[in-house]
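Student: All I have is the shape, not the residue letters:
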Ligand SMILES: [Zn+2]
């Protein structure tokens with residue numbers, strides 16, 4: 001039997017996925033908040049997104065590794081400089 005370690009709470013579980021059954025709802029909730037935030041506010045840096053959404057930077061980084069957020073990853077990385085420039089004005 002193979003155990004997985006939950007990426008959110010660190011507990012061990014048998015089912016598939018990155019998070020344990022207890023954290024699946026929280027994870028889905030964070031992902032939809034993340035998506036909604038980007039749709040409404042556009043891309044910014046991870047610190048800003050984390051501050052506004054309450055999603056930890058650790059979880060955000062994990063989502064960016066997912067296929068479904070690949071486009072976000074590119075934009076957020078490329079946007080680091082733009083975010084800094086925007087702060088000047
Ligand atoms: Zn968990």
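Tutor: Arrived safely, thanks for sending. Keep in mind that this is a model prediction, so the values were computed, not measured.
Student: Do me a favour and average the pLDDT over stretch 65-80.
Tutor: Averaged over stretch 65-80, pLDDT sits at 83.
Student: Contacts made by it with the rest, please.
Tutor: Under the contact criterion Cβ atoms under 8 Å, 6 or more residues apart in numbering, stretch 65-80 has outside partners 34, 38, 43, 44, 45, 46, 49, 63, 64. Any C-beta I mention is one placed from the backbone N, CA and C, and that applies to glycine too.
Student: so what's residue 13 closest to, chain neighbours aside?
Tutor: residue 20 (4.0 Å; Cβ to Cβ, 6 or more residues apart in numbering).
Student: do residue 61 as well
Tutor: residue 46 (7.1 Å).
Student: my guess is the one you found meets residue 58, correct?
Tutor: No: shown here, residue 46 and residue 58 do not form a contact pair, counting by Cβ atoms under 8 Å, at 9.9 Å.
Student: rewinding a little: how is the residue nearest to residue 13 assigned, secondary-structure-wise?
Tutor: Taken by DSSP: H, G, I helix; E, B strand; the rest coil, the conformation at residue 20 corresponds to coil.
Student: Check the gap between it and residue 49 for me.
Tutor: Distance of residue 20 to residue 49, computed by Cβ to Cβ, to the nearest Å: 24 Å.
Student: now swap in residue 7 and tell me
Tutor: Taking Cβ to Cβ, one finds residue 7 at 18 Å from residue 49.
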